[in-house]
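A.B. asks: sequence first, predicted coordinates after that:
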Amino acid sequence: MRYSVPHPIPYQGSKRRLATAILSFVPKGRFRRLIEPFAGSAAITLAASRAGLCDEYLIADVLPPLAALWTEIVEHPDILCRAYRELWESQFTGDKNERYNQIRAEFNAGHDPAKLLFLLARCVKNAVRFNPSGDFNQSADKRRTGTHPDTMEKEILAAHRALQGRCRVRCGDFRQVLEEAGTEDIVYLDPPYQGTSEGRDSRYFQSVSRTAIVDLLTDLNRRDVQFILSYDGHCGDKVYGEPLPEHLNTHRVLLNVGRSSQATLNGRNADSVESVYLSQRLAVQGVPLEPVPLEHFAQQMPLLSLK
Ligand SMILES: C[S@@+](CC[C@H](N)C(=O)[O-])C[C@H]1O[C@@H](n2cnc3c(N)ncnc32)[C@H](O)[C@@H]1O
């Protein structure tokens, strides 16, 4: 039997496609809990829960309305489905883009999680963008109306069923969240990309420095907490970020995620490669140094179907 993985929050940078590959390094039953402190759309938690890899899950994000959205999915999915449906239908009563801008202004004033879900479903590239004063400022994608409420309801309820009774949600900085991590936990880390979050294009609420990540991993190693980190990657000869320092004793696996749409747009033919770093005790024997195609992992972990 194959399990499909729910996907309620459309989110740029979601690790949904990579979930099978990433989770192939987590032996079933070895860890009691999976912690995802840079949750975003929590693609790894949802996939792990569908495959029954751990008994408990902890998801956290520094963005308060995103954490609130996860709380709604876990605790009050019906209320969220209704609120999303009303917002979605309200677009058709007048000018769609004006209505989007109005909902965005209301979101910025009140931080209502259902409004964030609508904005994410409806905005350009499903990408969270904030201006320097912390207001969501991404524009509407004029060619789309956002996920239909029937589909959204299916995804929300499926995510709710996958997480209900076994997932806790926290809002906070990753360092604070990971203070509670122990040797029975596996931590999946997907911080904002070095290559895209430290320059002018500050797409996330808060960016995370490389030093902060190196300090965190040093501390996790000291406490014998096992982790998987998605960090840098490259496309053709364009390299994002430097590999991590050797003293962290991580094992780097390169995932070939296929043709890069950005490279295709720029008239180049290049595959994107993403690095995953495994903590020392997770490191497996025999992983090749060359980029491994995602299909290889689908064969190793055939339980999950990512549609
Ligand atoms: C690359 S995204 C994670 C995407 C996620 N893996 C998925 O599948 O959707 C990074 C996330 O980290 C969050 N974030 C940024 N700074 C953070 C911090 N200091 N502590 C915790 N979360 C943070 C952002 O709000 C964003 O949702």
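C.D. replies: Arrived safely.
A.B. asks: confidence score at Gly286?
C.D. replies: If you check Gly286, the pLDDT there is 54.
A.B. asks: and for Glu290?
C.D. replies: 63.
A.B. asks: next: His111.
C.D. replies: Reported pLDDT for His111: 96.
A.B. asks: again, but for the one 10 residues further on
C.D. replies: Listed pLDDT for Ala121 reads 97.
A.B. asks: check whether the host helix or strand of Ile59 contacts the ligand.
C.D. replies: Here Ile59, judged by DSSP states H and E, is contained in strand 56-61. Yes. Using Cβ under 6 Å from any ligand atom, strand 56-61 reaches the ligand at Asp61. Backbone N, C-alpha and C define where each C-beta goes, glycine included.
A.B. asks: got the buried residues for that strand?
C.D. replies: 56-61 (16 or more other Cβ atoms under 10 Å).
A.B. asks: for stretch 16-36, same thing?
C.D. replies: 16, 18-26, 31, 33-36.
A.B. asks: what is the mean pLDDT for it?
C.D. replies: Here the average pLDDT along stretch 16-36 is 92.
A.B. asks: show the subsequent helix or strand relative to the helix or strand where Tyr84 lies.
C.D. replies: According to DSSP H and E, Tyr84 maps onto helix 77-90. Under the assignment DSSP H and E, the closest C-terminal helix or strand after helix 77-90 is helix 96-110.
A.B. asks: quick one, that following helix and helix 77-90 angle?
C.D. replies: Orientation check (axes from the mean of the first three to the mean of the last three Cα atoms, to 10 degrees): helix 96-110 against helix 77-90 gives 140 degrees.
A.B. asks: now the residue nearest to Ile59 when sequence neighbours are not counted. Its backbone dihedrals?
C.D. replies: Spatial nearest neighbour of Ile59, chain neighbours left out: Ala39 (4.1 Å); criterion: Cβ to Cβ, 6 or more residues apart in numbering. The phi/psi pair for Ala39 (degrees, to the nearest 10) reads phi -70, psi -50.
A.B. asks: can you map out the helices along this protein?
C.D. replies: 19-23, 43-50, 64-75, 77-90, 96-110, 113-122, 149-163, 174-177, 194-197, 210-222, 261-265, 294-300 (DSSP state H).
A.B. asks: pipe these into TSV and attach distance to Leu229 per row.
C.D. replies: Shown next, in TSV, are the helices of the chain (distance: least, Cβ to Cβ, whole Å):
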stretch	distance to Leu229
helix 19-23	10
helix 43-50	12
helix 64-75	20
helix 77-90	31
helix 96-110	31
helix 113-122	25
helix 149-163	23
helix 174-177	11
helix 194-197	12
helix 210-222	7
helix 261-265	23
helix 294-300	17
